[in-house]
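Colleague: Need coordinates for the following:
(chains A and B)
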Protein chains: 2
Amino acid sequence: MTGRPSRRQLFGYAGAAAAGAAVTGGAIALGNDSATRSSTAGDSAADGGTRGNVGPYGDHQPAIAATSPRHAELVAFKLLGGTDKAALGRLMRLWTSDIVALTAGRPAPGDTAPELAIPGVALTATVGFGPRVFTLTGLTDRAPRGFIDVPPMSHDRLQPTWTGGDLLVLVGADDAVSVVHAIGRLVADAAPFAKPLWRQTGFWNSTGPDGKPITGRNLFNQVDGTGNPAPGTPDFNSTVWNDDGSTTLVVRRIKLNLETWDELTRSEQERAVGRKLSNGAPLTGTAEHDELDLEARDGDNRLVIAKNAHARLSHHSENDGRRIFRKGLNYVQDTGATRETGLIFLSYQANLVSQFIPLLTRLDAADALNEWTTTIGSAAFAIPPGFHEGGWLGQDILN
Amino acid sequence: MTGRPSRRQLFGYAGAAAAGAAVTGGAIALGNDSATRSSTAGDSAADGGTRGNVGPYGDHQPAIAATSPRHAELVAFKLLGGTDKAALGRLMRLWTSDIVALTAGRPAPGDTAPELAIPGVALTATVGFGPRVFTLTGLTDRAPRGFIDVPPMSHDRLQPTWTGGDLLVLVGADDAVSVVHAIGRLVADAAPFAKPLWRQTGFWNSTGPDGKPITGRNLFNQVDGTGNPAPGTPDFNSTVWNDDGSTTLVVRRIKLNLETWDELTRSEQERAVGRKLSNGAPLTGTAEHDELDLEARDGDNRLVIAKNAHARLSHHSENDGRRIFRKGLNYVQDTGATRETGLIFLSYQANLVSQFIPLLTRLDAADALNEWTTTIGSAAFAIPPGFHEGGWLGQDILN
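Modeller: I've put the predicted structure just below:
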């Protein structure tokens, strides 16, 4: 065996790739990428079953407001001892260059498997910084307002395997092979700076049988995400974005006990959620996006949406108007004869302390769903703004 | 908590489902299923990103010759002590009914999450019998000719977690949630008869960026499956099917060491395989399906396709004409900070002893790829013929 091939060698090979990649001369010029600029992030699945490319540029990291991908992998990293502010900046420049290439379906610089970079799979990569980044010299005043780690909740049963992290990358795409490939590149390029602490893979279906977008369901068969503010609306913008374009992300690995959940009747299941399983409508309504009537009572004078129903406790009108933007990923983990099933819960909010923690605390205290769910992992990341051509991820923080 | 809801209750709910399911009166009549009959197993991804439904009927179990699904889960079971030939027949009738419903995108009888049954995701289910089934009273002479367990190979490092099994179900679909849902139903219905021994999930991409079918790549970036006989050809039929419509399936879990593989140059990687990474063409050709020239030598008088190249050793001309039909599934298993990556290798052949084992033995002895691959699981199943309307899985064997 010889050593790792040089970049020059690999670009030579990449030039011969059948993947239709745009690598020709041996250099990928960051910010000079016509394929990326001309691509659009359509939401339909009309184009050969895919959604085209999602451009890497923007005021915000683009995946957050985009439709959930069919597949995703999250990798949290622990920074190596020598990784200071300057080193983190070098890694971010490297990752930016990787992301510009990979989202266009081109191999990243130094890619050892260039043919696995394919266009048209709506690949995105979102990067975040864990709490420890903001203890590094020169960065102690750079965290978004209200960014702290999530305190353990009384129902949490956190495992170190799925908890914490100094750095996050979340890659999504409509093709699982593309996700594995992109994550492989980003992890390889991070090696001098940070090493993986945990990895989680998940999946979601946000396309209905007619090809139209749907909210999607978790493995409890609940329509999951109905209460979200709609991307692009003023509600969404004030919920998610800070003035500088940053946000925060909480990742919680929630084990769902399908066996005991399946023992309930459907009306018991619906009562725990406060919504209909059929289409996600509140128990007081008929269509998915009908407003909840939190005062309505049935013939026995009982609240239709119960006091401890998940939809009531998490509703913004019961939380001083506080909202979050949540995106779920289902997961299945094979462990020999049994498998663990659950939800990788992703919550985006401008201010973690004022928006997310009060809501989580409230749900921890009373949510009916707590009986069938156990949070086994938790991590919080500051998500820097997006970047534009010629810029790089986190440059306002790390410069 | 009350007990499990009755089937009647559940069908009532299912009738209200938004999933467009065809359940209306409360009964699913096996073999009287117009939705299934009218569906087709198209290979294009044109219809809203999906391939429609795959009908459950046929002389052969339909998934085998169909395009690989994007997602799949395999569950191997251990039969419970009391499961004799008659009990196995009852389970097969139950599974047949489940499969007729699920492949049409309808909830199975007793489904506790009926909305997760959706059409248009090309869902298939393939069922097999492990060696121990043919030790049961009344079944000792019913195994396909040449059906034995695969003997351990010198390079095998088999783990009990991924090895053996008395019964197999392999569910594939273009949507991961649908796979999890269908597997859940089949495992639940099997509970009185058999319990899961291992579960494996995998994924594959057999659609190119232009929406056209492609062979697909494993996580070593190799085009994987080029040497297969093409479904529908005489070669395929003689390779795969026994006269009664049965076949056999070998499932091997092969760990791929991506780290050491990535340390090779591309020419080293291509020499180990005997094919080009760019498009899967043999090193002596230019297009993927070019015939191998096993005699060709380079300027230094070395064989272009090396003596120990995987493509040479597995080629039928070097194996007395013996062929197999292989379908791979990539897998990634999260294990905290690291992940295991590999290939769930599926090989279909009419006769396991005469077709598969000589080939495997040859590869075990000399395949260049052995340096970067480790087989950690192995199982063999007899795959009964398909069924037609009014029939059921395995009826010729179990009746």
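
Colleague: Show the low-confidence segments of chain A, by residue range.
Modeller: Within chain A, the ranges that satisfy pLDDT under 70 run A:1-51.

Colleague: residue ranges of the helices in it, please?
Modeller: Under the criterion DSSP state H, chain A carries helices at the ranges A:7-15, A:34-38, A:85-103, A:176-190, A:234-240, A:258-262, A:266-273, A:310-313, A:357-366, A:395-398.

Colleague: Need those helices in CSV (columns: distance to B:A104 and mean neighbour count).
Modeller: Heads up, the C-betas are built off the backbone N, CA and C, glycines and all. Putting those into CSV (distance: least, C-beta to C-beta, whole Å; neighbours: other C-beta atoms under 10 Å in any protein chain shown) gives the following:
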stretch, distance to B:A104, mean neighbour count
helix A:7-15, 44, 17
helix A:34-38, 41, 15
helix A:85-103, 37, 22
helix A:176-190, 25, 23
helix A:234-240, 38, 16
helix A:258-262, 22, 17
helix A:266-273, 22, 20
helix A:310-313, 32, 22
helix A:357-366, 38, 17
helix A:395-398, 53, 19
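
Colleague: Reformat these as TSV; add distance to B:P151.
Modeller: Output for the helices of chain A, formatted as TSV (distance: least, C-beta to C-beta, whole Å):
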stretch	distance to B:P151
helix A:7-15	39
helix A:34-38	51
helix A:85-103	43
helix A:176-190	32
helix A:234-240	58
helix A:258-262	37
helix A:266-273	49
helix A:310-313	53
helix A:357-366	54
helix A:395-398	58
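
Colleague: would you list every one of the strands in the stretch 151-300 of chain A?
Modeller: For the stretch 151-300 of chain A, the strands defined by DSSP state E, counting those that start in this stretch cover A:167-173, A:194-203, A:247-256.

Colleague: and of the ones you listed, who's closest to A:T239?
Modeller: Among those, strand A:247-256 comes nearest to A:T239, with 9.1 Å by C-beta to C-beta.

Colleague: Contact partners for the closest residue to A:R297 other than its chain neighbours?
Modeller: What sits nearest to A:R297 in space, not counting adjacent residues and going by C-beta to C-beta, 6 or more residues apart in numbering or on different chains, is A:L303, at 5.9 Å. Residues in contact with A:L303 (C-beta atoms under 8 Å, 6 or more residues apart in numbering or on different chains) are A:294-297.

Colleague: ok, of these, which one's closest to B:T260?
Modeller: The shortest gap between B:T260 and any of the contacts of A:L303 belongs to A:L294, at 58.9 Å (C-beta to C-beta).

Colleague: need the contact list for that closest one.
Modeller: Contacts for A:L294 (C-beta under 8 Å, 6+ apart) come out as A:303, A:305, A:312, A:315, A:317-318.

Colleague: and the stretch 201-350 of chain A, which of its residues are near chain B?
Modeller: A:201, A:203-205, A:207-212, A:216-217, A:219-221, A:258, A:260, A:262-266, A:268, A:277-279, A:330, A:332-334, A:336-339, A:341 (C-beta under 8 Å from any C-beta of the partner chain).

Colleague: Going along the chain, name the strands of the stretch 1-150 of chain A.
Modeller: Assigned by DSSP E, counting those that start in this stretch, the strands in the stretch 1-150 of chain A fall at A:71-79, A:124-129.

Colleague: Of all those, which one comes closest to chain B?
Modeller: strand A:71-79 (7.6 Å; C-beta to the nearest C-beta).

Colleague: Just the C-alpha atoms of stretch A:217-234, please, in CSV.
Modeller: Only the C-alpha atoms of stretch A:217-234 are listed here, as CSV (Å, rounded to 0.1, in the frame of the first residue of the first chain):
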residue,chain,number,x,y,z
ARG,A,217,-45.0,11.6,10.2
ASN,A,218,-42.8,10.3,13.0
LEU,A,219,-42.8,6.6,13.9
PHE,A,220,-45.6,7.0,16.4
ASN,A,221,-47.7,7.7,13.3
GLN,A,222,-48.2,11.4,14.3
VAL,A,223,-48.1,14.1,11.8
ASP,A,224,-45.1,15.9,13.2
GLY,A,225,-44.4,19.6,12.7
THR,A,226,-47.8,21.1,12.1
GLY,A,227,-47.4,23.8,14.7
ASN,A,228,-44.3,25.3,13.0
PRO,A,229,-44.3,28.8,11.7
ALA,A,230,-44.1,28.6,7.9
PRO,A,231,-40.7,29.4,6.3
GLY,A,232,-40.7,32.9,4.8
THR,A,233,-43.4,34.3,7.1
PRO,A,234,-42.7,37.1,9.6
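
Colleague: Report the closest residue of the stretch 151-300 of chain A relative to chain B.
Modeller: Using C-beta to the nearest C-beta, the closest approach of the stretch 151-300 of chain A to chain B is made by A:G211 at 2.6 Å.

Colleague: what's around that residue, how many residues?
Modeller: By other C-beta atoms under 10 Å in any protein chain shown, the residues close to A:G211 number 16.

Colleague: before we move on, what about A:G165?
Modeller: Other residues near A:G165 come to 26 when the count uses other C-beta under 10 Å.

Colleague: Is it in contact with A:P131, as I believe?
Modeller: No: in terms of C-beta atoms under 8 Å, A:G165 does not count as a neighbour of A:P131; the distance is 9.1 Å.

Colleague: Which residue comes closest to A:L346 once chain neighbours are left out?
Modeller: A:K327 (4.6 Å).

Colleague: That neighbour contacts A:Y348, doesn't it?
Modeller: Yes: under the criterion of C-beta under 8 Å, A:K327 makes contact with A:Y348 at 7.4 Å.
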